[in-house]
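In: The sequence and its predicted three-dimensional model are supplied below.
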Number of protein chains: 6
Amino acid sequence: KSGTRLAPYAGVPTFLSAPHRPVDPVSPDLGDLQVALLGVPMDLGVTNRPGARFGPRALRTIERIGPYNHVLDCAPVFDLKVADIGDIPFASRYRLEQCHEDIERHVSAIVEAGVVPLCVGGDHSITHPILKAVGRDRPVAMIHIDAHCDTGGAFDQTKFHHGGPFRNAVLDGVLDPTRTIQIGIRGAAEYLWEFSYESGMTVVHAEDVSGMGIAKIIEMAREVVGDAPTYLSFDIDSLDPAFAPGTGTPEVGGLTTREVLELLRGLKGVNLVGGDVVEVAPQYDATANTAHAGAQVLFEILSLMVFSPAVAGNSG
Amino acid sequence: KSGTRLAPYAGVPTFLSAPHRPVDPVSPDLGDLQVALLGVPMDLGVTNRPGARFGPRALRTIERIGPYNHVLDCAPVFDLKVADIGDIPFASRYRLEQCHEDIERHVSAIVEAGVVPLCVGGDHSITHPILKAVGRDRPVAMIHIDAHCDTGGAFDQTKFHHGGPFRNAVLDGVLDPTRTIQIGIRGAAEYLWEFSYESGMTVVHAEDVSGMGIAKIIEMAREVVGDAPTYLSFDIDSLDPAFAPGTGTPEVGGLTTREVLELLRGLKGVNLVGGDVVEVAPQYDATANTAHAGAQVLFEILSLMVFSPAVAGNSG
Amino acid sequence: KSGTRLAPYAGVPTFLSAPHRPVDPVSPDLGDLQVALLGVPMDLGVTNRPGARFGPRALRTIERIGPYNHVLDCAPVFDLKVADIGDIPFASRYRLEQCHEDIERHVSAIVEAGVVPLCVGGDHSITHPILKAVGRDRPVAMIHIDAHCDTGGAFDQTKFHHGGPFRNAVLDGVLDPTRTIQIGIRGAAEYLWEFSYESGMTVVHAEDVSGMGIAKIIEMAREVVGDAPTYLSFDIDSLDPAFAPGTGTPEVGGLTTREVLELLRGLKGVNLVGGDVVEVAPQYDATANTAHAGAQVLFEILSLMVFSPAVAGNSG
Amino acid sequence: KSGTRLAPYAGVPTFLSAPHRPVDPVSPDLGDLQVALLGVPMDLGVTNRPGARFGPRALRTIERIGPYNHVLDCAPVFDLKVADIGDIPFASRYRLEQCHEDIERHVSAIVEAGVVPLCVGGDHSITHPILKAVGRDRPVAMIHIDAHCDTGGAFDQTKFHHGGPFRNAVLDGVLDPTRTIQIGIRGAAEYLWEFSYESGMTVVHAEDVSGMGIAKIIEMAREVVGDAPTYLSFDIDSLDPAFAPGTGTPEVGGLTTREVLELLRGLKGVNLVGGDVVEVAPQYDATANTAHAGAQVLFEILSLMVFSPAVAGNSG
Amino acid sequence: KSGTRLAPYAGVPTFLSAPHRPVDPVSPDLGDLQVALLGVPMDLGVTNRPGARFGPRALRTIERIGPYNHVLDCAPVFDLKVADIGDIPFASRYRLEQCHEDIERHVSAIVEAGVVPLCVGGDHSITHPILKAVGRDRPVAMIHIDAHCDTGGAFDQTKFHHGGPFRNAVLDGVLDPTRTIQIGIRGAAEYLWEFSYESGMTVVHAEDVSGMGIAKIIEMAREVVGDAPTYLSFDIDSLDPAFAPGTGTPEVGGLTTREVLELLRGLKGVNLVGGDVVEVAPQYDATANTAHAGAQVLFEILSLMVFSPAVAGNSG
Amino acid sequence: KSGTRLAPYAGVPTFLSAPHRPVDPVSPDLGDLQVALLGVPMDLGVTNRPGARFGPRALRTIERIGPYNHVLDCAPVFDLKVADIGDIPFASRYRLEQCHEDIERHVSAIVEAGVVPLCVGGDHSITHPILKAVGRDRPVAMIHIDAHCDTGGAFDQTKFHHGGPFRNAVLDGVLDPTRTIQIGIRGAAEYLWEFSYESGMTVVHAEDVSGMGIAKIIEMAREVVGDAPTYLSFDIDSLDPAFAPGTGTPEVGGLTTREVLELLRGLKGVNLVGGDVVEVAPQYDATANTAHAGAQVLFEILSLMVFSPAVAGNSG
């Protein structure tokens, strides 16, 4: 009767049930891929609770995400040439800076192969080396959804912690702060983020979201990034802890999943050249709601890539 | 001093602390009941995570629901002749279709005795045989609150799975699709639900709820069902997983409990002839929030029945 | 590089990482403190689930609350002379009324020393003896955020349970009902709370919050309390169980943390003379979200105290 | 094919799936019962974590205990006239001593009706009033399995806490200390239990169990109680926390379930006149293992009652 | 410094971190494999709690099992040609008997290819069709570690439930009962298992394990199976719920992991022709201990296969 | 009535409810302390799951450990001059090797003040720098209870990970391998621990514990260390995961708490000069059993210090 469907709980789990395509880290052959889904299991940059190194595994084991996005009208795993290419291999699980080098080198190879990277962290410090790969040729624009600006400076003897990737990226010339919008900001560390304001980023605080409305924020985001090559970075702690308890630095008073979905779906056509979902720490995720929300956001970003000129133009 | 109250945690647990009135399944004597609360512990129709067979037990063990509904101004367990009559007995826990027959036969006996059934699932496939009992004499209208339309066709060799009860009910002539409204719809299976649109159902997507507002949706629902005999089916996954993680096919981006309560309370006076709360799977409910929300919704539906002409007319 | 910061998970935990300043319960020396943070680990007044006696420990172990409140623009642990002075010592853990006497005596000593008490419960019955201390000289105004009015009368042989502290406080002449607003009210016990209406309290139900908007409620609250000495009592069950499952009498359909933060921050300048956060029961808090929200609210109330004339005037 | 069996998860839950037979607390009619299973949801006597008031509900909702005990060769729910008669009604949930009076009066009525009580707590303080009922006519012998001797004196203004029931029972003349054995004792409060030694109880420490072997302990227990009317009191914290985490005063280094089952089954023929399972606090029982173990022990004690002369002689 | 190791949490998860080798279900090419690890995500045969369909995913995501077995002195994933070949594809997730046919057909293809199957369930009913494949040519011997004999007859209209696979296998002539030993048996259903005794199986009850000692049981097991082709079936509920809470029909009083490891390691050299680990239901596994124990047992069985003549002879 | 006792859940939590005595890290004044309890919240050395940085907080919040040890007959918090001196301050939470330097320097100051350190980790890598402090003047003997030998070499570019502290300590001349015994060893990494055997350590595997018996192991341990200054290092993963799930590298088949308590209590009189409890990761500890066991072991080690010549001689 009308055929058999694959049960959602069957088989070796991959991101969004995409095909598993392991690549040789030494000489990666990405074939005709348009988008590479890859894990970055590294959490050495956290300021508080570790655990996001298990984020990629957590997102892979969520069942029933996709195939069809009825709001954006696409089925991205089928519409795009996309695969789960596994995790970034690290030379050492003990060296924050060296892991960043591994990430930059590995993602650069993907970018150079003309493939758009869509990464799953790991802590947010990984976005700095990813941006160094993605923005190597020119600084990129960014839509950044997060509870924290992550533009803090050095402390505890390093500037490569997860509280500073976007300061670093601007100073390295790979991120254009005037084309960067940060959405969902809150918490008690505002005094650390002067750089966001000084460098010209647009900051939307969580406490202003109800008043502004998501439609207005979408409009602002589209205006800020224009048609520039744009990176989309999603920190799961942008969501309120009721929606995403499983993260290392939760902040009360955050976004709802419905707001986040509306926001993301409003970005159709933005010229995405890369993206990430970071900071899912499954040890704190008693219901798996956090990994579930993370996987859904991963699906939405991949859906947006169907309509991104940068991805569409790269038909393999 | 001012008397003793029964502690909420005392005694053998029943739905809404209603009286326990076991009935003989062979020749049931329902006496002068107006409404029968009954469990339907069956989850053979699920597509993904099983567990809703434990839903009735989970809702019974929630303490402190009721007695008074101050918005609707009633105390339904006292205002109505109502009892927890136990669970539907199944001839086999291994046969989906036969369980459906057991449900239809058992609920038919209730309906024929002039008693309104209010069931606790179990998975959503149970609503098909319930509707066959409730709608035997004429197709009923329906207010259906859910993440999924559940109007899909056969696959994996059966059409009786939990993704298709309402298609089946329409095709069996017991549900009037033109008098059916489905609220809260989302997820990645929209392509399976063409039947909803083709048959004339009214579909309200979750992503449109904020924009429309609950008041507008209430208006639509009342208009769709009019004063027809109406069934109210509530799938707990209509709620966002933050509010109801304990279910088998959760979908990010759902309703809040406040929206659901507002919606339900807006239905005062609708001519309810039956109802259900389905898909609570307590294995995934680390905080018991899901069972709690389910029990509250059960209470709201029972409250609505105080004002339903079909129930009120049946004074035992 | 730019100095070392104390890790959030380091050391003996105190409320809001405030200094630990144990005081001798017999002859307490509070020095030049402006605000005393103290635990009240007593839950003998509950009607249903016990466990809030572990509330103070739960709030102390939440990391990363503060230091800076960017909406209210203050860093209260630094702006005020404040300390965690430990927990109220009880003569007996088995005697509800005697615990209330211990609380009244202990808090009175704080108040008499010119220090503002900010307590962490414990169940809500503790607010009655606290108000007897705070309102000894004249009845105080109150902003009360809760799912329940807590103005019920005696039953089960006592009037000192957690469902009646505000009736008791009014009848004792330490709370001015005409200057009392109760926000977030819902649940199935409305029939027990006639006293709220008869005594002249202003009651805002949870189901009316969306329609009214938080700005309007802030306006009402400010109008009700005026510039009177005001107590702020926050019951964690005002929040929806999705945001705060860890409590003894949860009620579906409650406030969100974003609404609560907006509400609290709208009270800048109110003349606070005391406050509390009560009913956190960590046994039911699988994600620690409840204790986290409770600690955040504690921080917000302490932030408000920076701007309270009663506190500011008391510069030690 | 070979008939239908009732699914374990079906219907209103009762202790050991025994018939539900509510009794009127004012004039109870126990008919021809031999054994009454009843809940005692009271935890006002705890020294630390409350929660055992939810113990009766927790044990009722465990599925799949019984019907057959192949070691003792009986099916006690069928072999005996037994029913779940509900919970003891309390005049107040706030008064420890009055609850004890309620227990004594209620259990006395059962005993006077010639029915053997088998209670589910609640905290261990309930055993004092139960013993006052069971031992009214002559002091009884006791087999007591626990981490604690529970023979401590008054503190915090009462002697009726859960650390002292057996001292109280001896002093009230309802328990014969020379015919009392306490098994599994450990923890850091030995200095409080001199009364056990002074009054002549036999104490077996947990740290000696491996060396002695269960067979030897069974022999000692049988010798201590002889053929005297004997009460069997089982505190779930006798088990190691690995086996029973859900309790208020867990002690590392306890018994295994296999040891407990061997021990209990070695008591066949002992002249039991009552028994209890106490201190299950489901809030701390993430896996339900504790309630499961408690229900199994309840089943074993009921099985022993099949062979107890006192029960067998009472054939209704 | 001394090279890099792959972090245990990296990459797409597979059973025992074995290579992932998907096979075409229509015309499977198993190449030179000696042992195939495969998932059987089917739990339609359960009598109580469902959930074991998620067992394969749960075991795959356990990190840090192997590589070296120092007691058996082998590194089985390296010593053998072995791969994770994915899960058995089912024509329908709703048909117990048809799933059994799918299993039999799929495992038969593996056996016919000269590859030894090592399966991860799923509920225990799957072992019947596996045995029909493995024992097709001659009845096999079996070492069966379980809380239940699983030799019950039909009820609820089927004999294919998880309580009867070994009765079915004997009656189908694929299992030799006189060469079958069942270890760890307990629980309250002994009256259903007469077939074990009547057919000549050797049954070792859990309550006799301490007295007999594991060494004696090993001796018995080796004697029962001799050098016959032997199947090893491990039901996780053989373990006590303290060690393995995550299963559908837990039984108090079971084996410890240390006993199970000793027992399994005592079987070195037994002529294994297949094996399974079944009944892991991760929904009930709050600590992941159950899946962890299951993965360890899977590793031990694979280690035994290094020394099995049937496997060793099959060098691809 | 007989005085008031402090409730176990009251006040700011400290290790074993010892007095809180913060010390200035720059010029610490330890006064007349004999033993310093201190936290070492550092987990940068883990190979798998992080989280032990929260170990000190987890052990502090366990209630009801002590005061009396009836087997060793002491009340160590009262018998010794002991305090919780807080946590070791780290210059950076991102630098494994530098944290080790901080630990060595800080513990050296304690040792030089004539105070015996008893540390709570943190991961096991911390024991290397502790031993450098404790064994500075002469190599110490060691009783090491663990699942892993932790004598592995460098990989991933460092030798300072938690798999190698004892190799490092021997090579640094601060640990005498011939006076070192390692108890509870198991798992799949035996091939990494040749150094244990080559250097002359005594290794007792977990699988041999049942056969040998704890008494024999105590004898061996006492013989190995003799009356040398001895360090006692307890890794919580020596316990089976059923007893201690909350740790980063759990190994099935471990010790029971009863075995561990018997073993530790058998070491009365050993000349302890320091000790630690490490690897408690509360994120994985759903029942708090792991932290509870860790706190109990901390209490047992402190109890042993009452009888250690090295401690007793240092009477402040």
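Out: Noted; the coordinates are in hand. Because the structure is predicted, anything quoted here is derived from the model rather than measured.

In: May I ask which helix or strand encompasses the residue nearest to the spatial centre of chain A?
Out: Among the residues of chain A, the smallest C-alpha distance to the mean C-alpha position (C-alpha atoms, centre = their mean) belongs to A:Asp276, namely 1.6 Å. Assigned by DSSP states H and E, A:Asp276 belongs to strand A:272-278.

In: Does anything pack onto that strand? Which helices or strands?
Out: Contacts defined by 3 or more C-beta pairs under 8 Å, 6 or more residues apart in numbering or on different chains; DSSP states H and E place strand A:272-278 against strand A:116-121, helix A:127-134, strand A:230-235, helix A:289-306, helix A:309-312. Bear in mind the C-beta positions are built from the backbone N, C-alpha and C, glycine included.

In: How about the secondary structure of A:Arg5?
Out: Assigned with DSSP: H, G, I helix; E, B strand; the rest coil, A:Arg5 falls in the coil class.

In: Make sure I have this right: A:Gly184 is in a strand.
Out: Yes. The assignment for A:Gly184 is a strand, going by three-state DSSP.

In: Name the nearest residue to it, ignoring sequence neighbours.
Out: With C-beta to C-beta, 6 or more residues apart in numbering or on different chains as the criterion, A:Gly184 has its nearest non-adjacent residue at 3.9 Å, and that residue is A:Ser238.

In: Surely the one you found is in contact with A:Glu259?
Out: No. Look at A:Ser238 against A:Glu259 with C-beta atoms under 8 Å: they stay out of range, at 9.4 Å.

In: quick one: low-confidence parts of the stretch 151-300 of chain A?
Out: Within the stretch 151-300 of chain A, the set of residues satisfying pLDDT under 70 is empty.

In: which stretches of it form helices?
Out: Using DSSP state H, counting those that start in this stretch, the helices of the stretch 151-300 of chain A run over A:165-171, A:194-199, A:209-212, A:214-225, A:257-265, A:289-306.

In: Relative to C:Pro76, which of those helices is closest?
Out: With C-beta to C-beta, the closest approach to C:Pro76 among those belongs to helix A:194-199: 21.1 Å.

In: Which residues does that closest one contact?
Out: A:Cys149, A:Thr151, A:Gly152, A:Gly153, A:Phe166, A:Arg167, A:Val170, A:Pro177, A:Thr178, A:Gln182, A:Val203 (C-beta atoms under 8 Å, 6 or more residues apart in numbering or on different chains).

In: Is it possible to mark the buried ones in these?
Out: For the contacts of helix A:194-199, a neighbour count by 16 or more other C-beta atoms under 10 Å in any protein chain shown gives the buried set as A:Cys149, A:Thr151, A:Gly152, A:Gly153, A:Phe166, A:Arg167, A:Val170, A:Pro177, A:Gln182, A:Val203.

In: Out of these, flag the one nearest to chain E.
Out: Here the nearest of the buried ones among the contacts of helix A:194-199 to chain E, counting by C-beta to the nearest C-beta, is A:Phe166; it sits at 26.3 Å.

In: I'd guessed the closest one sits against A:His148; true?
Out: No. Contact criterion C-beta under 8 Å: A:Phe166 and A:His148 do not qualify, at 9.9 Å.

In: any idea how far the residue in chain A that chain D sits nearest to lies from E:Ala52?
Out: Nearest residue of chain A to chain D (C-beta to the nearest C-beta) works out as A:Ala286 at 9.4 Å. To E:Ala52, A:Ala286 is 21 Å away according to C-beta to C-beta, to the nearest Å.

In: With A:Gly184 instead?
Out: As judged by C-beta to C-beta, A:Gly184 and E:Ala52 stand 40 Å apart.

In: before we move on, what about A:Cys99?
Out: For A:Cys99, the distance to E:Ala52 (C-beta to C-beta) stands at 38 Å.

In: and the nearest residue to A:Asp87 once chain neighbours are set aside, what is it in contact with?
Out: Nearest residue to A:Asp87, sequence neighbours excluded (C-beta to C-beta, 6+ apart): A:Gly39, at 3.8 Å. If you count contacts by C-beta under 8 Å, 6+ apart, A:Gly39 has them with A:15, A:55-57, A:59-60, A:86-88, A:119-120, A:122, E:10-11.

In: Include secondary structure, pLDDT and neighbour count when you put the residues you listed into a markdown table, please.
Out: Converted to a markdown table, the contacts of A:Gly39 look like this (DSSP: H, G, I helix; E, B strand; the rest coil; pLDDT from 0 to 100; neighbours: other C-beta atoms under 10 Å in any protein chain shown):
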| residue | secondary structure | pLDDT | neighbour count |
| --- | --- | --- | --- |
| A:Phe15 | helix | 98 | 28 |
| A:Gly55 | helix | 98 | 31 |
| A:Pro56 | helix | 98 | 31 |
| A:Arg57 | helix | 97 | 24 |
| A:Leu59 | helix | 98 | 30 |
| A:Arg60 | helix | 98 | 28 |
| A:Gly86 | strand | 96 | 21 |
| A:Asp87 | strand | 96 | 27 |
| A:Ile88 | coil | 96 | 26 |
| A:Cys119 | strand | 98 | 27 |
| A:Val120 | strand | 98 | 28 |
| A:Gly122 | coil | 97 | 32 |
| E:Ala10 | coil | 94 | 22 |
| E:Gly11 | coil | 93 | 22 |
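
In: who's in contact with A:Asn289?
Out: A:Phe243, A:Ala244, A:Pro245, A:Gly246, B:Pro241, B:Ala242, B:Pro245, B:Pro250.

In: Between these, which sits nearest chain F?
Out: Closest approach between these and chain F, by C-beta to the nearest C-beta: A:Gly246, at 10.0 Å.

In: Wait, A:Asp237 touches A:Ile145, no?
Out: No. In this structure, A:Asp237 is not within contact of A:Ile145 by C-beta under 8 Å, at 9.8 Å.

In: With neighbour numbers in mind, choose between the two.
Out: The neighbour comparison of A:Asp237 against A:Ile145 (other C-beta atoms under 10 Å in any protein chain shown) goes to A:Asp237, with 30 against 27.

In: Stretch A:249-258 near chain F at all?
Out: No. Stretch A:249-258 does not reach chain F (C-beta under 8 Å from any C-beta of the partner chain); its nearest approach is 13.2 Å.

In: May I have that stretch exported as PDB, CA atoms only?
Out: Taking Å, rounded to 0.1, in the frame of the first residue of the first chain, the C-alpha atoms of stretch A:249-258 are listed here in PDB:
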ATOM      1  CA  THR A 249      26.100  30.100  29.100                       C
ATOM      2  CA  PRO A 250      22.300  30.300  29.100                       C
ATOM      3  CA  GLU A 251      20.600  33.700  29.600                       C
ATOM      4  CA  VAL A 252      17.100  34.100  30.900                       C
ATOM      5  CA  GLY A 253      14.800  36.200  28.700                       C
ATOM      6  CA  GLY A 254      15.600  35.000  25.200                       C
ATOM      7  CA  LEU A 255      14.000  34.400  21.900                       C
ATOM      8  CA  THR A 256      11.300  31.800  21.300                       C
ATOM      9  CA  THR A 257      11.700  29.200  18.500                       C
ATOM     10  CA  ARG A 258       8.700  30.700  16.700                       C
END
